[in-house]
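Undergrad: Generate coordinates for the sequence data below:
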Amino acid sequence: MTVAWLGIGANLGDARQTLKDAVVCLAQQHTLSVVAKSSLYRTAPIDAGGDDYYNCVVKIETCLDVHALLGLCQRVEHHFGRERPFRNAPRTLDIDILLYGALRIDEPDLIVPHPRMTGRAFALVPLVEIDPELVIPGLGPASAFLTAVADQRIEKVKPMCQCLGIASTPDVPPPDNCR
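TA: Numbering: from 1, shown residues only. Purely as a prediction, here's the structure:
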């Protein structure tokens, strides 16, 4: 099994729900296991227009080789209505392979570690949340790049119940909309 890290984002439709559903979809695949998931973050688009993005990162273990994992990610994106009309277009779902074990790959259709992850708060902040000691192969500690993205707006999204100010207790279950 190989440990890989996937960046997931969306800014069209109910992007927040799409991310939750995409993580569930990935977790249902028999070829991988989701072993950790970051908080959900809201970020401003970078080099693009449109609404804010919702983003998270998942850490997975997989028996797929990196190209098969890329294919799976693209099939999941397609399932959620992903279209690619132009570079950095708004999207219903985007799943990027940020890291795949200790591999470094530079091919026309795949670059790992993801070539822009060290310049993107929406990738670095969730990565470091899950693993503060994470090392990006060939580049060094992920946390070392955080100061370079400190000017990018990124907000941790509170879970639904916290947003509504609702607390659940053992006697009172959370409301149906609290997932």
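
Undergrad: Give the pairing partners of the helix or strand hosting residue 55; include direction for each.
TA: Here residue 55 sits within strand 53-62, counting by DSSP states H and E. Paired with strand 53-62 in the same sheet, following DSSP bridges, are strand 2-10 (antiparallel), strand 32-37 (antiparallel), strand 41-43 (antiparallel).

Undergrad: and whatever helix or strand comes next after that strand with strand 2-10, angle?
TA: Moving toward the C-terminus from strand 53-62, the next helix or strand (DSSP H and E) is helix 66-79. Going by axes from the mean of the first three to the mean of the last three Cα atoms, to 10 degrees, helix 66-79 is angled at 20 degrees with respect to strand 2-10.

Undergrad: Name the residues that touch helix 66-79?
TA: Under the contact criterion Cβ atoms under 8 Å, 6 or more residues apart in numbering, helix 66-79 has outside partners 4, 6, 22, 25-26, 29, 31-32, 62, 64, 82, 91-97, 100, 103, 105, 109-110, 112. Where C-beta positions appear, they are placed from N, C-alpha and C, glycine not excepted.

Undergrad: and the helix or strand hosting residue 122, how far from the chain's centre?
TA: Here residue 122, judged by DSSP H and E, is contained in helix 121-130. Taking the mean of its C-alpha atoms, helix 121-130 sits 9 Å from the chain's own mean (Cα atoms, centre = their mean, to the nearest Å).

Undergrad: Ok, stretch 40-56 next?
TA: 11 Å.
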